[in-house]
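Enquirer: Sharing a model prediction with you, sequence too.
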Amino acid sequence: MPAAVLAFMAIAVMDQREVFLPLAGLGPEAAPAPSRPEAAAAAERLVRGYNAAIEAAGPGGGADRLDAVALSGDLRSATRRELAFARTLPGVCPLRSAAFAVRLLDPLPSGGFTVETDETWTPDCPPGVSSPRPSRLRHRYTIIDRNGLRIEQAVPVPPDPVDAKAD
Amino acid sequence: MRRLINTLGSRRLTAYLVLTYAAFLVLLFVWAARIPAAVVGNISRTAPFICAYIAAAIHLVCCLMIFLPATMQRTSLSLPADDPGEPVALPDARAVEAAAWRARLPVRWIEPGKTAVLHRNRWSPLGSIVFHTALLLIPVAVAVSLATRVRGEAWVVESHAFEGTRAEYVSVEPAGGFESRAPRVRLEVLAVDAAFWGDRLFFTDLRALVAAGGAQQWMTLPGPVRIDGARVTLRGFNYTPSVEISGPDGRTVHAGDLNLRLFPPGNEDSFTVPSLPHRIFVRLYPDSSGPQARPINRGMGLAEPLLHVAVTLGKRLAAHGWLRPGEALAFDGHTVAFPRILKGGDIVVHRDWGYPILWMALVLSFAGLIMRVCFPSYRAWVLLTGEGARLVVRADPFATPPRLLYGADPGGRDDP
């Protein structure tokens, strides 16, 4: 019976070796992970960089700055498409970021972040052109960590219908 | 080898295993109260537990190997050689047959006029073997389930066909190898009916009429339909609109039925179309008189549907507004309208070939228990020596011996 108990404990230790080996000082050296505040700051910088690239894509193009931002392929092509379409619309002026505030920066279990921002974008119309109202929207960014942070999704959150009615 | 089997099938090991399982169950119950069920499920699949399961299966096989010959011996009609029996008042063969008839015991003469065997529920001892074999079927069922189990969740919309391709499923299990295992579930949802309890979010009835394999059948909330060995169950209800987007020249640039989740009322979902970079957000209030300061939704049924639509382009809110079905909202030179609202639902497609084996194990285990408990075995040999008769009895402890065989009480309780 004692032998069976010992064998059973050995099986349990083998099964949970990734827990026991590091405790015994035998685990592989883990790469030093960036501290959480640093990663959060990096995520916020990434979102600001994405917005700056969109802002730079004025009427004359300038979408190249998007290449410098870590984005998923889908988001990059969707953003390019949006910018290209906006340029074709008559009376639609390029947007300038007037206000930016991070509402929520929530770490994901997989290592990334969900970032929610309140953003105000004002049309930068030339003199003489009637300027539409600023666009105040909440945006939700999903940032994943795949050998570095990358924006996977950027989705606007439309206003609540009650607010929309009052708008 | 025999010694190993005896050790592995010993009663002492049975006791240890029962205690180990009891300890495991107590641990799992304690953890289940503190941590999520999925984590407890994962713990129950760790190596110590799996070792205990394998040990139990090996122990069971060894027990069967040890006890099968003894059990077969207990069904035998051969006269036990080592038992002299006890004297009974059965003078001749005629008296034996009369007593057996009154006791409703079939009689078989092993040696005519000399040795007879009377028996009831002869095969009852095999109930133990049936019961324990059924227990062995459980790990087989688990193994078959792990190898064949497939589960997918999908949204369906009325008047649309569901072809059962991977792309149509919202989620699938297992993620890898789903295509090779997936059942061929093809169905067309002809209608979805939902009845609500007043204006509350309670279904009093939810069912869908589906056409599959050339037949129409109702799929209800608790009643699945079976297609290609899979259970297809209706799990939820949904509203989704059809959309029509027109370009600056008035020509339709996109039209079709969407697959959005707009139920329960106020739930927001969005979609894009290939020809435009915009994202269109929609909310539905199925029975609303109109947009007041807060949209009042009077019920869950589709009486006076009202939609809230917001169109965004990147950082810009291009347009938003309240629409009735058929009304249009203008944005960036285009218009969007939702001509009709369709009903739909969530379905779960589930196939697991381990289930029939598990059911078989359940039925067999009950059959074994009933055989053993409700039909106790009784065997009696009558030896006529010419100078009196002797009775040799082999019976389960809880079997009632037919007293008539003792020839003393013809009016007793066993008298028919």
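Expert: The structure has been received and is ready for your questions.

Enquirer: count of neighbours near residue B:338?
Expert: For residue B:338, the number of neighbouring residues by other CB atoms under 10 Å in any protein chain shown comes to 24. Where C-beta positions appear, they are placed from N, C-alpha and C, glycine not excepted.

Enquirer: cool, the one 10 residues further on as well?
Expert: Using other CB under 10 Å, residue B:348 has 17 neighbouring residues.

Enquirer: In space, what's closest to it - neighbours in sequence excluded?
Expert: Of all residues not flanking residue B:348 in the chain, residue B:233 sits nearest, at 4.7 Å (CB to CB, 6 or more residues apart in numbering or on different chains).

Enquirer: What pairs with the helix or strand in which that neighbour is found, parallel or antiparallel?
Expert: Take DSSP states H and E as the rule and residue B:233 turns out to sit in strand B:230-246. Strand B:230-246 has the following strand partners under DSSP bridges: strand B:225-227 (antiparallel), strand B:252-257 (antiparallel), strand B:334-337 (antiparallel), strand B:341-351 (antiparallel).

Enquirer: can you put these in TSV and add mean pLDDT?
Expert: Below are the strands paired with strand B:230-246 laid out as TSV (pLDDT from 0 to 100):
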stretch	mean pLDDT
strand B:225-227	92
strand B:252-257	92
strand B:334-337	95
strand B:341-351	93
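
Enquirer: right, so of those, which gets closest to residue B:327?
Expert: When the strands paired with strand B:230-246 are compared for distance to residue B:327 using CB to CB, the nearest one is strand B:334-337, at 6.3 Å.

Enquirer: could you list every residue that touches residue B:402?
Expert: Contact criterion CB atoms under 8 Å, 6 or more residues apart in numbering or on different chains gives B:103-105, B:120, B:378, B:380, B:414 as the residues in contact with residue B:402.

Enquirer: after whatever helix or strand residue B:356 lives in comes which helix or strand?
Expert: Applying DSSP H and E as the criterion places residue B:356 in helix B:354-374. Next in sequence after helix B:354-374, counting helices and strands by DSSP H and E, comes strand B:378-384.

Enquirer: all strands for chain A, in order.
Expert: Assigned by DSSP state E, the strands in chain A fall at A:95-107, A:113-123, A:135-145, A:149-157.

Enquirer: Point out the residues in chain A that sit beside chain B.
Expert: The interface of chain A toward chain B, taken as CB under 8 Å from any CB of the partner chain, is made up of A:1, A:4, A:8, A:11-12, A:14-16, A:51, A:54, A:78-79, A:81-86, A:89, A:92, A:95, A:97, A:119, A:121, A:135, A:137, A:139, A:155-156, A:158-159, A:161-162, A:164-167.

Enquirer: Restrict those residues to the buried ones and give me that as a PyMOL selection.
Expert: One line in PyMOL is enough to select the buried members of the residues of chain A next to chain B, burial here meaning 16 or more other CB atoms under 10 Å in any protein chain shown:
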select buried, chain A and resi 8+11+15+51+54+78+79+82+83+85+86+92+95+119+121+135+137+139+156+158+159+161+164+165
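
Enquirer: buried sites along the helix of greatest length in chain A?
Expert: Ranked by residue count under DSSP state H, the longest helix found in chain A is helix A:36-56. Residues of helix A:36-56 classed as buried by neighbour count (16+ other CB under 10 Å): A:39-40, A:43-44, A:46-47, A:49-51, A:53-55.

Enquirer: mind listing what the residue lying closest to residue B:370 once chain neighbours are set aside touches?
Expert: In space, and not counting its chain neighbours, residue B:370 is closest to residue B:127: 7.4 Å by CB to CB, 6+ apart. Counting by CB under 8 Å, 6+ apart, residue B:127 makes contact with B:367-373, B:375.

Enquirer: how much space between the residue nearest to residue A:154 when sequence neighbours are not counted and chain B?
Expert: Taking CB to CB, 6+ apart, and ignoring the residues beside it in sequence, residue A:154 has residue A:141 as its nearest neighbour in space, at 5.1 Å. Taken as CB to the nearest CB, to the nearest Å, the spacing of residue A:141 relative to chain B amounts to 12 Å.

Enquirer: Quickly note the distance from residue A:141 to residue B:369.
Expert: Remark: distance between residue A:141 and residue B:369 (CB to CB, to the nearest Å) = 61 Å.

Enquirer: cool, and residue B:141?
Expert: Between residue B:141 and residue B:369 the distance, using CB to CB, works out to 19 Å.

Enquirer: Look at the two and report which has more neighbours.
Expert: Remark: of residue B:141 and residue B:369, residue B:141 carries more neighbours, 20 against 15, as counted by other CB under 10 Å.

Enquirer: Can you report phi and psi for the more buried one?
Expert: Dihedral pair for residue B:141: phi -60, psi -40, per degrees, to the nearest 10.

Enquirer: low pLDDT regions in chain A?
Expert: Under the criterion pLDDT under 70, the flagged ranges of chain A are A:1-5, A:19, A:23, A:26-36, A:58-63, A:162-167.

Enquirer: where does the stretch 151-300 of chain B have low pLDDT?
Expert: Counting by pLDDT under 70, the stretch 151-300 of chain B shows low-confidence ranges at B:291-294.

Enquirer: coming back round to it: show me what contacts the residue nearest to residue A:154?
Expert: Residue A:141 sits next to A:47, A:50, A:113-117, A:151, A:153-154 when contact means CB under 8 Å, 6+ apart.

Enquirer: mind running it again at 6 Å?
Expert: Contacts were defined as CB atoms under 6 Å, 6 or more residues apart in numbering or on different chains; by that measure residue A:141 touches A:47, A:115, A:151, A:154.

Enquirer: What of residue B:155?
Expert: B:259, B:344, B:346.

Enquirer: how many neighbours does the first one have?
Expert: Close neighbours of residue B:259, defined as other CB under 10 Å, add up to 18.

Enquirer: Am I right that it is in a helix?
Expert: No: counting by DSSP: H, G, I helix; E, B strand; the rest coil, residue B:259 is not part of a helix but coil.

Enquirer: and the gap between it and chain A?
Expert: When distance is defined by CB to the nearest CB, residue B:259 is 18 Å away from chain A.

Enquirer: Show the backbone phi and psi for that residue.
Expert: Residue B:259 has phi and psi values of phi -130, psi 70 when expressed as degrees, to the nearest 10.

Enquirer: Would you mark the buried spots in stretch B:129-144?
Expert: Judged by neighbour count using 16+ other CB under 10 Å, the buried positions of stretch B:129-144 are B:129-135, B:137-139, B:141, B:144.

Enquirer: And these, which is closest to residue B:174?
Expert: Residue B:174 has its nearest neighbour among the buried residues of stretch B:129-144 in residue B:144, at 14.5 Å by CB to CB.

Enquirer: Could you measure from that closest one over to chain A?
Expert: In this structure, residue B:144 and chain A are separated by 25 Å, where distance is defined by CB to the nearest CB.

Enquirer: Kindly tell me how buried the spatially closest residue to residue A:142 that is not a sequence neighbour is, as a neighbour count.
Expert: Closest residue to residue A:142 apart from its sequence neighbours, by CB to CB, 6+ apart: residue A:153 at 4.2 Å. Per other CB under 10 Å, the neighbour tally for residue A:153 reads 15.

Enquirer: How about residue A:57?
Expert: Counted with other CB under 10 Å, residues neighbouring residue A:57 total 24.

Enquirer: And residue B:29, by the same measure?
Expert: 10.

Enquirer: Quick check: it is in a strand.
Expert: No: secondary structure assignment places residue B:29 outside any strand; it is helix (three-state DSSP).

Enquirer: how close does it get to chain A?
Expert: Using CB to the nearest CB, one gets 19 Å for the distance from residue B:29 to chain A.
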